[in-house]
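Trainee: Predicted model and sequence follow; I will ask about them next.
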Amino acid sequence: MAPSPGRAPREMRARTRSVVSSAPSRPSGVRLWLRRRRGLLRPAGLGLLGLGAVGAAVLGVMALDPTGRVAGVWDGAAELAAASGLQVKEVVVEGMHHTPPELVREALGVRRGDPILGFDPQFAREQLEQIAWVGNAHVARQLPGTIRVKLEERQPFAIWQREGKFSVIDREGKVVATENIGAFGRLPLIVGAGADRAAAPMVDALRGAPEVQERVHALVRVSERRWNLRLRNGADVLLPEGQEVAAIARLAELQAKQALMDRPLLAIDLRLPDKLVLRLPPGQAPAEGPPGQKAQGGTRSGRG
């Protein structure tokens, strides 16, 4: 039976579609480019993967230490600057009189030829101020190659003796040296616990009474509340608590009138404002004194 006229075209169209669909399609230009470079794509992908991992690690470090990125960049810049001639060529230190030079060098931590931009003035200042002699420090870079340091040293004020050990202290009582004490032999000698913190007013009072000061060997702190003056002849002057300045002025007056501190005495007791008590060595008869004083055995008392 002959096919109907409408059926033939439909079958022909179906066969045509089947042939077209089964025929290999021509690849696009992009696909052809990728096929030709397939051997390079795998290493490139691995490289991108590695870069991603490194980037993630860097981001993690930055999150934990945000200054690390800046420090790394700064270190790189410092090395480049050094290569271009910005190196430490000179370190100038001013105000160094008592501070040991080796401690200054250690605190600065810099040598000639180091990158000057790699030097941290703030950190150097903090390290310098850890040195006992240094009260304040100023540190600055001066391009192209100079580091300038200015020290404000603590001033030696007195020698402090406690438990057989000697130290040099400043006015506030801070220990600035424990060696080479002999170099500071002209400083006042203070003795006892708490003497370091309380000595400044006493030293000032003695400086105002030179006739007393020149006869004083040491200022002795008693029970961390009052003072004795140990004279060069071995006698002790007992001062009243809280009234030391007035007592020293009184002692200066007695010295001017009676040469009291030049006498062979064991002690001069000024703790009572209206009475003077003199302690004599054993067996020594009281010397004739001014009116109002009388001897009482080994002790002599009277109106000051």
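Mentor: Arrived safely. In this text, all values refer to a predicted model and were calculated from it rather than measured experimentally.
Trainee: Enumerate the helices of the stretch 151-300 of the chain by residue range, in sequence order.
Mentor: Counting by DSSP state H, counting those that start in this stretch, one finds helices in the stretch 151-300 of the chain at the ranges 195-207, 210-213, 244-258.
Trainee: Compile these into a markdown table and extend it with columns for mean neighbour count.
Mentor: For every residue, glycine as well, the C-beta is placed using N, CA and C. Formatted as a markdown table, the helices of the stretch 151-300 of the chain follow (neighbours: other Cβ atoms under 10 Å):
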| stretch | mean neighbour count |
| --- | --- |
| helix 195-207 | 18 |
| helix 210-213 | 15 |
| helix 244-258 | 17 |
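Trainee: Indicate which one of those helices is closest to residue 166.
Mentor: Closest to residue 166 of those, according to Cβ to Cβ: helix 195-207, at 11.8 Å.
Trainee: For that closest one, name the packing helices and strands.
Mentor: Under the contact definition 3 or more Cβ pairs under 8 Å, 6 or more residues apart in numbering; DSSP states H and E, helix 195-207 sits against strand 158-162, strand 165-169, strand 189-191, helix 210-213, strand 216-222, helix 244-258.
Trainee: nearest to residue 86, of those?
Mentor: Ranking the helices and strands packed on helix 195-207 by distance to residue 86, with Cβ to Cβ as the measure, places strand 165-169 first at 40.7 Å.
Trainee: Direction included, what does the closest one pair against?
Mentor: Partners of strand 165-169 in the sheet, by DSSP bridges, are strand 158-162 (antiparallel), strand 175-177 (antiparallel).
Trainee: Buried deepest among those, which one?
Mentor: strand 158-162 (a mean of 20; mean count of other Cβ atoms under 10 Å).
Trainee: number of nearby residues for the closest residue to residue 119 other than its chain neighbours?
Mentor: Nearest residue to residue 119 in three dimensions, chain neighbours excluded: residue 110, at 5.3 Å (Cβ to Cβ, 6 or more residues apart in numbering). Residues lying near residue 110 (other Cβ atoms under 10 Å) number 17.
Trainee: And residue 110, how close does it get to residue 196?
Mentor: 35 Å (Cβ to Cβ, to the nearest Å).
Trainee: now do residue 151
Mentor: From residue 151 across to residue 196, the span is 23 Å (Cβ to Cβ).
Trainee: one step back: quick one: closest of the helices and strands packed on helix 195-207 to residue 101.
Mentor: Nearest to residue 101, of those and by Cβ to Cβ, is strand 165-169 at 18.0 Å.
Trainee: coming back round to it: could you dump the helices and strands packed on helix 195-207 to a markdown table with mean pLDDT and distance to residue 140?
Mentor: A markdown table is the format used below for these (pLDDT from 0 to 100; distance: least, Cβ to Cβ, whole Å):
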| stretch | mean pLDDT | distance to residue 140 |
| --- | --- | --- |
| strand 158-162 | 97 | 34 |
| strand 165-169 | 97 | 30 |
| strand 189-191 | 98 | 38 |
| helix 210-213 | 97 | 42 |
| strand 216-222 | 98 | 42 |
| helix 244-258 | 96 | 44 |
